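In: this one's structure only:
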């Protein structure tokens, strides 16, 4: 996972509410276990409509999606986050998110920014012509028109995003501590790893090896 401290650019000014994961990536795309290529299927049903926002050249390559309440509801498929990443989305701004989607987004390097509806409405207007900027350092969303919206994010999740640490990265970052713990366990409880020549606990006068 790549570190992210700032996301700046145009945004898809969508604002649609209750968008579930089946809309983000339809079920027939779930046959793959690869994260690559899912961007082609992202919002497939929406893209089937003429004049849809995702195929508008004005927003091509936008790294931010502005959505409505309850974004990412429905099934827990992580493919939804994979699809967004593959289409270039690095942050989603909405009034609320499904808990499971929010967790999947974080694990895949997407910033889930929660802002009140008034801020969403303002950002939708701004991004039709100008860029918006998300700063993890200051926890703000700003525009060229001096708009400044403060959002909250769990401190641990914020640190992981800024350092580019997913579960694997977090484990590797603690490699020294893990090795020390395993060494101490092997010394104090050698029977755990079945060391050759170890004489086990006596049971009814018998010795277990």
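Out: That came through, no problem. Just so it is clear, the structure is predicted and the values come from calculations on it, not from any experiment. Numbers count the residues shown, from 1 in each chain.

In: so residue 116 touches residue 93, yeah?
Out: No. Contact between residue 116 and residue 93 fails when scored by Cβ atoms under 8 Å: they sit 10.9 Å apart. Every C-beta, even on glycine, is put in place using the N, C-alpha and C of the backbone.

In: any weak-confidence spans in this structure?
Out: 167-174, 183, 192-209 (pLDDT under 70).

In: try it again with 50
Out: Counting by pLDDT under 50, the chain contains low-confidence residues at 202-203, 206-209.

In: re the thing from before, higher neighbour count, residue 116 and residue 93?
Out: Taking other Cβ atoms under 10 Å, residue 116 and residue 93 do not tie; residue 93 has more neighbours (27 against 11).

In: quick check: the more buried one vs residue 76, distance?
Out: 22 Å (Cβ to Cβ, to the nearest Å).

In: ok, now residue 135?
Out: Relative to residue 76, and taking Cβ to Cβ, residue 135 is found at 30 Å.

In: ends of stretch 11-31, how far apart?
Out: 29 Å (Cα to Cα, to the nearest Å).

In: wait, what's in contact with residue 109?
Out: By Cβ atoms under 8 Å, 6 or more residues apart in numbering, the contact list for residue 109 reads 1-2, 4, 85, 90, 161, 164, 166.

In: same thing but 10 Å
Out: Shown in contact with residue 109 (Cβ atoms under 10 Å, 6 or more residues apart in numbering): 1-4, 81, 85, 90-91, 160-161, 164-166.

In: residue 54 now?
Out: Here residue 54 is in contact with 12, 14, 42-44, 46-47, 60, 62, 65, 87 (Cβ under 10 Å, 6+ apart).

In: give me the neighbour count for residue 155.
Out: Applying other Cβ under 10 Å, I find that residue 155 has 8 neighbouring residues.

In: typed the wrong thing, it's residue 96
Out: Every residue meeting other Cβ under 10 Å relative to residue 96 is counted, giving 18.

In: how about it, phi and psi?
Out: Backbone torsions of residue 96, given as degrees, to the nearest 10, read phi -160, psi 160.

In: hmm, it is touching residue 113, no?
Out: No. Proximity of residue 96 to residue 113 does not meet the contact threshold set by Cβ atoms under 10 Å, at 11.1 Å.

In: need the contact partners of the strand or helix carrying residue 103.
Out: Assigned by DSSP states H and E, residue 103 belongs to helix 99-107. Residues outside helix 99-107 that contact it (Cβ under 10 Å, 6+ apart): 1, 19-21, 24, 70-82, 84-85, 89, 91-92, 94, 96-98, 110-112, 114, 153-154, 156-158, 160-161, 166-167.
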